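>>> got a sequence here, can you build the structure:
(chains A and B)
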Amino acid sequence: MDEERTLILGMDLCDGALQLAYLDDRGEMISVSPFTNDVGKYRIPMIVCTDRQYKEWYCGQDARNMKGREGIVYCDDLIERAKDDDGEPVLGGLTPTALFTQFFRIVLTSLREKTGGRMIKGLTVCIKKEDEAAQPVIRAAFSQLGIDSDRLLIITHPESFVNYVISQNKDIWINDVGLFYMSMDALDYYRLTFGRKQSPVCVVTEKTNLSSLVTGRMIANGDITNAVVGFKDAISKVLTKQMVSALYFTGPGFESAWADDILKSLCNGRRIFRGQNLFVKGAGFKSRRQFSPGEDEEDFVYIAPDELKSSISLRAYKDGGYEEVVLADISTPYTKAGKDVEVIMDETNELDLIVHNVLKKDFVCAIMTLDNLEERNDRSVKVRITLQFVDRDTCMITVRDVGFGEIRETSYRIWEQILKI
Amino acid sequence: MSRVILCSGKRAVVPFVMKASGRKVYTVEELCYCLRDELETLDEKTLGKELVEFMDFQLGLEERAAVLKKLVNEQSDLKSRLVVVLCSSDLFTAPEISEICDEFERSLMMTPLLRAKRIADRHLFEGRNKVALYEYRDILSDERIGELTDTDLSAVLHNCGVIRMRLGYPEEAASLFLRAYAHNDEKETVRCYLLALKLLGDEERYIKEAMRLFDSGDMLKELEDEIDNVLERFEHSGGLDCVERLKALAEDNRPGEFDRLTHEIIGELKASYRSELESDE
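Next comes the predicted model:
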């Protein structure tokens, strides 16, 4: 069965449209639409429609063209419906999950015909971070088509972008790499920084929201002048004195060439790219790395914008020797990072905390002194250390005297320290 | 050497109760602490099946519990079992565990009466006066009393005297101290005996015994100074305030308030005494 599965596929679900990319025989990632041979027209609207007898189903542009016709029932906003799927049917007796399944079935069947009957070996779907709630429905939809977690991966746009970049020539990412993504309602800037001082290389993603300066809606409304001013401000804000070797511009807001003059001005010492299939190709490259890795494929650790780029450890005595006990690990979402540990303070009132930043070679040691900690030499002074993160760079460390059972009562003392990592 | 020791295992929902002290243990570190602290009281029952279940189901230390279970089933020596438990946490280093085990071996070679004395000493140290007194009395009435050395027997008698003093029986305390002195020549025992006589208010006997037992008048003066210091501290602490108030009320001829204050003081003393007795139990 595995021998028949050869197709490495990437899929992007975004802004009401689906895009596909696959790895061709020459090893290149090709954007494709199964419904047309027109180059550049590879966006498939996420729309399904059917006749009232639910016998003929259509999707994509075909479905859009049939909107409003008599006897046709129509459903768009598939992702939004999927996020709100409560099991109630919405069209043709089908739930949003089933509609998604139907949509994918039509698309992938057409793709199979186009690729000469090749079956999917691995598929990576990338979605917007805001659409993560739709993940279970997407998985369920593909599961109905026989594509389960052994062949399916779902990632978000930033991770897809990272995979795209690291699959390019190393000249592209010799320094930091930036991405401007403009949707109708937002402009986000993602910066990739590469921690090359350790192995595997860590790719740290930072996100800056620039929506207050310009969005795609201004372009759609024809307000180009203000859009240009806002965009120049945005560029100034994030690129001034930054070593960025390549910039990418994508999203509905960059479909037209309104900003090309500005982009040309950024070309000094940088590569500039504008296009709409960056994420789907990134998803395709992720598929390749995951499901058909090359022999000398280099490993990377992706660190999302909301994940820790530093680890915090406590130097403690454990299992007969001193160890760095990890309290918060890199690549963990900061909202879920941090844990509680309990330690016994044996003739000391200092905690040695070690911070490793993936972008730096050396670690930083932070000492937290517990002033007025009860002094006892019988190893009955026990404290609980709790870490909580305000954001990915700020950690609140709380230490509480918890007593030692019936041997020593707690003094109810609490110590707090903020650590910038 | 100072250390920050990482705690391991879970916190028990149902504690393990140390047989000798009655202390409840909730974590493996507390367990190791109490085992070390009550070394001389450890026996087959303490290091047996109940401990195995506690470590397995309550502390989540399944592997350690399995090793201990094997030793218990094979009826192996207590020292090996103790090692397994102490190695379950990082509270003690390897050399310290070795020392503890050596000490444990020495305690196993103690006579039953000496072990009983150690257990009683622990109760006294932790303020369980009545329990300690019962233990000491059992020792004194044991037919094997002759096994105890003079030093140990004197210590038992002395401690009994201390407890009786605390419970408000200076006459009996004095007698016990005197008996203790017969088996040792500890200055502390003499001192306690004379303090008991002082509390009895028998000044003549107090002076006579002091002259007999102390080598020089200097030591009596030292004791007197100490008593004076204590009284002075007590007076300044306000402990006699209520007595002064009573005096003032009596002098002012205010019987109603005098009676009311008297009842109040008696009630407080009763409550305090009762709570002390309850903590002994």
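
>>> what comes up buried for stretch B:223-233?
With burial defined by 16 or more other CB atoms under 10 Å in any protein chain shown, the residues of stretch B:223-233 counted as buried are B:L223. Every C-beta, even on glycine, is put in place using the N, C-alpha and C of the backbone.

>>> same check on stretch B:129-141?
The neighbour-count check on stretch B:129-141 (16+ other CB under 10 Å) flags B:N129, B:K130, B:V131, B:A132, B:L133, B:E135, B:Y136, B:I139, B:L140 as buried.

>>> isn't there a strand covering A:S199?
No - secondary structure of A:S199 (DSSP: H, G, I helix; E, B strand; the rest coil): coil, not part of a strand.

>>> what about the residue lying closest to it once chain neighbours are set aside, how many residues nearby?
Sequence neighbours aside, A:D299 is the residue nearest to A:S199 in space, at 7.8 Å (criterion: CB to CB, 6 or more residues apart in numbering or on different chains). If you count neighbours by other CB atoms under 10 Å in any protein chain shown, A:D299 ends up with 9.

>>> which helix or strand contains residue 234?
Looking at chain A here, since you left the chain open. A:A234 belongs to helix A:224-239 when assigned by DSSP states H and E.

>>> looking at chain B here, not the other one
helix B:217-236.

>>> mean confidence for that helix?
The pLDDT scores in helix B:217-236 average 80.

>>> any idea which helix or strand comes after it?
helix B:241-251.

>>> can you list the residues of chain A near chain B?
For chain A, the contact set with chain B under CB under 8 Å from any CB of the partner chain comprises A:314-320, A:323, A:325, A:341-348, A:351-352, A:378-380, A:382, A:404-407.

>>> among those residues, which ones are in strands?
Among the residues of chain A next to chain B, the ones falling in strands (DSSP state E) are A:314-318, A:323, A:325, A:341-346, A:351-352, A:382.

>>> farthest pair within those residues?
A:E323 and A:K382 (18.5 Å; CB to CB).

>>> quick one on the thing from earlier: from the buried residues of stretch B:129-141, which is closest to A:A133?
Scanning the buried residues of stretch B:129-141 for proximity to A:A133, where the rule is CB to CB, the winner is B:V131, at 63.2 Å.

>>> one step back: of A:E323 and A:K382, who's got more company?
Shown here are A:E323 and A:K382; by other CB under 10 Å, A:K382 has more neighbours (23 against 14).

>>> my guess is that one contacts A:V402. True?
Yes - taking CB atoms under 8 Å as the definition, A:K382 is a contact partner of A:V402 at 5.5 Å.

>>> in chain A, which residue sits closest to chain B?
The nearest approach of chain A to chain B comes at A:T348, 3.7 Å away (CB to the nearest CB).

>>> wouldn't that residue be in contact with A:V383 here?
No - between A:T348 and A:V383 there is no contact under CB under 8 Å: 11.2 Å.

>>> write out the residues of the stretch 51-200 of chain B neighbouring chain A.
So far as CB under 8 Å from any CB goes, the stretch 51-200 of chain B lies against chain A at B:D90, B:L91, B:T93, B:A94.

>>> can you count the residues close to the last one?
Think B:A94. Around B:A94 there are 10 other residues, counting by other CB under 10 Å.

>>> tell me who's in contact with A:D77.
A:G16, A:M46 (CB atoms under 8 Å, 6 or more residues apart in numbering or on different chains).

>>> just the pLDDT for it.
At A:D77, pLDDT is 79.

>>> also the one 3 residues further on?
Per-residue confidence for A:E80 comes out at a pLDDT of 79.

>>> quick check, it in a helix?
Yes - applying three-state DSSP, one finds A:E80 inside a helix.

>>> neighbours around it, how many?
So A:E80, with other CB under 10 Å, has 14 neighbours.

>>> what does B:R205 give?
Counted with other CB under 10 Å, B:R205 comes out at 14.

>>> which residue is the nearest non-sequential neighbour of A:F142?
A:L152 (5.4 Å).

>>> which residues sit in contact with the one you found?
A:G122, A:L123, A:T124, A:V125, A:R139, A:F142.

>>> helix/strand/coil for the fifth one?
With three-state DSSP as the basis, the three-state label of A:R139 is helix.

>>> measure it to B:K130 for me?
Using CB to CB, to the nearest Å, we find A:R139 at a distance of 68 Å from B:K130.

>>> returning to that earlier point: show me the contacts for the residue of chain A closest to chain B.
Shown in contact with A:T348 (CB under 8 Å, 6+ apart): B:S2, B:R3, B:V4.

>>> buried ones among the residues you listed?
Among those, those classed as buried by 16+ other CB under 10 Å are B:R3, B:V4.

>>> take the contacts of A:T348 and keep only those in strands.
Per DSSP E, those map to strands at B:R3, B:V4.

>>> per-residue confidence for the closest residue to chain A within the stretch 1-150 of chain B?
Closest approach between the stretch 1-150 of chain B and chain A, counting by CB to the nearest CB: B:S2, at 3.7 Å. For B:S2, the pLDDT comes out at 89.

>>> show me chain B divided up by domain.
Chain B breaks down by automatic domain parsing into domains covering B:16-108, B:112-236, B:241-280.

>>> other SSEs contacting the strand or helix carrying A:C365?
Assigned by DSSP H and E, A:C365 falls within strand A:363-369. Counting contacts by 3 or more CB pairs under 8 Å, 6 or more residues apart in numbering or on different chains; DSSP states H and E, strand A:363-369 is packed against strand A:350-357, strand A:414-420.

>>> any idea how far that strand is from the middle of the chain?
Centroid displacement of strand A:363-369 relative to its chain, using CA atoms, centre = their mean, to the nearest Å, is 31 Å.

>>> that one pairs with which strands, parallel or anti?
strand A:350-357 (antiparallel) (DSSP bridges).

>>> tell me which stretches of the stretch 101-250 of chain B form helices.
Counting by DSSP state H, counting those that start in this stretch, the segments of the stretch 101-250 of chain B that form helices are B:112-125, B:129-140, B:150-166, B:170-183, B:187-200, B:203-213, B:217-236, B:241-251.

>>> quick one: low-confidence ranges for chain A?
A:1-3, A:39-40, A:54, A:92 (pLDDT under 70).

>>> what do you get if the cut-off is 50, keeping everything else the same?
A:1 (pLDDT under 50).

>>> quick check, central residue of it?
Of all residues in chain A, the one closest to the mean position by CA atoms, centre = their mean is A:T156, 3.5 Å from it.
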